[in-house]
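Trainee: Give me a model of this one.
(one chain, ligands or ions: 2)
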Amino acid sequence: AQAIELLDVTLAYPGRDRPALEAVSVTIEAGKITAIMGPSGAGKSSLADIIIGLITPDAGQLLVDGKPVSGADRQGWMRTIAYMPQEIFLFPGTIRENLFWARPGADEASLVLALRQASADFVLDLPEGLDTQIGQAGAGLSGGERQRIALARALLQQPVLLILDEATSALDAANSARILEAVAALRGSTTVVLIGHTPAAAVIADQVLVMLEGRLAAAGPWAQVSDQL
Ligand code: ADP
Ligand code: ADP
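Mentor: Ligands and ions are numbered 1, 2, ... in the order given. So this is what the prediction gives:
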């Protein structure tokens, strides 16, 4: 896994009097879970967009393993990232089609095996008899099941960075807890960034970055920084 650093990053959207991000420097340690917390408009999404290479900051740098990511490197960097948005996102089609997207060219037996492995390793708790249901439409599953499939799909990508943007906000407490339990099990193997989740997500993070009005207000374990919010 690779460390991600932002150095003195500044970003202003046209027509806004205040920059969305002002001189933000953060280190996202490899194999750790980092949560980015802060009120709406604090700059969380902008920060995430810079981390994944979607936006180039006006000033400052994105470094992965000490090397600047810019220009053509951004495509390579983005290829190593798995992203889970707030809206539960499966491609239209069957569970099988969704999983093959993450492992193009895999044969079905190895895919089911990888899925069972992921399910066991990461407490995914996939629907009973998934291997027989794999031809079923993703749309036929419950929200919690669909988000677990989306997480399984993300893990089959073997990402360097897994980024979850309020990815539990559409789920009830029980399903949200199952996703977070799976994410916690990734500690040590995958770098995870949780954006704007609930305190329940922040407590599983090794490091919480608190954003306020475009600035990094605090960084540390949730117990130490929660009073900043
Ligand atoms: P959230 O806080 O739920 O992540 P967003 O990131 O979508 O919400 O939006 C945060 C703020 O950014 C909102 O105040 C919204 O009005 C503003 N915003 C988002 N996209 C645009 C845009 N394309 N143009 C202008 N303002 C925007
Ligand atoms: P958060 O994710 O914490 O809600 P954002 O990064 O979405 O924060 O927004 C930070 C600031 O930038 C806000 O003031 C927001 O209104 C503004 N903003 C976000 N996206 C856009 C955009 N596309 N165009 C103009 N302003 C934006």
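
Trainee: what about stretch 92-112, how long is it end to end?
Mentor: Stretch 92-112 has an end-to-end distance of 20 Å (Cα to Cα, to the nearest Å).

Trainee: Report the buried residues of that stretch.
Mentor: Thr94, Ile95, Arg96, Asn98, Leu99, Phe100, Ala102, Arg103, Leu111, Val112 (16 or more other Cβ atoms under 10 Å). C-beta here means a position set from N, CA and C on the backbone, and glycine is covered the same way.

Trainee: Make sure Met78 is actually in contact with Ile52.
Mentor: Yes. Applying Cβ atoms under 8 Å, one finds Met78 in contact with Ile52, separated by 6.2 Å.

Trainee: For these two, indicate the residue with more neighbours.
Mentor: Comparing Met78 with Ile52 by other Cβ atoms under 10 Å, the one with more neighbours is Ile52, at 20 against 14.

Trainee: Please give me every residue in contact with that one.
Mentor: Counting by Cβ atoms under 8 Å, 6 or more residues apart in numbering, Ile52 touches Trp77, Met78, Ile81, Tyr83, Leu161, Ile163.

Trainee: ok, of those residues, which come out buried?
Mentor: Trp77, Ile81, Tyr83, Leu161, Ile163.

Trainee: nearest to ligand 2, of the residues you listed?
Mentor: Nearest to ligand 2, judged by Cβ to the nearest ligand atom, of the buried ones among the contacts of Ile52 is Ile163 at 12.9 Å.

Trainee: Endpoint to endpoint, stretch 161-175 covers what distance?
Mentor: End-to-end distance for stretch 161-175, by Cα to Cα: 22 Å.

Trainee: coming back round to it: so which pair among the buried residues of stretch 92-112 is furthest apart in space?
Mentor: Based on Cβ to Cβ, the longest span within these runs between Thr94 and Arg103 and measures 14.6 Å.

Trainee: circling back to that earlier point, filter the contacts of Ile52 down to the ones in strands?
Mentor: Using DSSP state E, Ile81, Tyr83, Leu161, Ile163 are the members of the contacts of Ile52 that sit in strands.

Trainee: so what's the backbone phi/psi at the residue nearest to the last one when sequence neighbours are not counted?
Mentor: If I follow you right, that is Ile163. Setting aside the residues directly before and after it, Ile163 is nearest to Val193 in space (Cβ to Cβ, 6 or more residues apart in numbering), at 4.6 Å. Dihedral angles of Val193 (phi, psi; degrees, to the nearest 10) stand at phi -120, psi 120.

Trainee: Pro92 too?
Mentor: Dihedral angles of Pro92 (phi, psi; degrees, to the nearest 10) stand at phi -60, psi 150.

Trainee: Let me see the contact set for it.
Mentor: Counting by Cβ under 8 Å, 6+ apart, Pro92 touches Gly138, Ala139.
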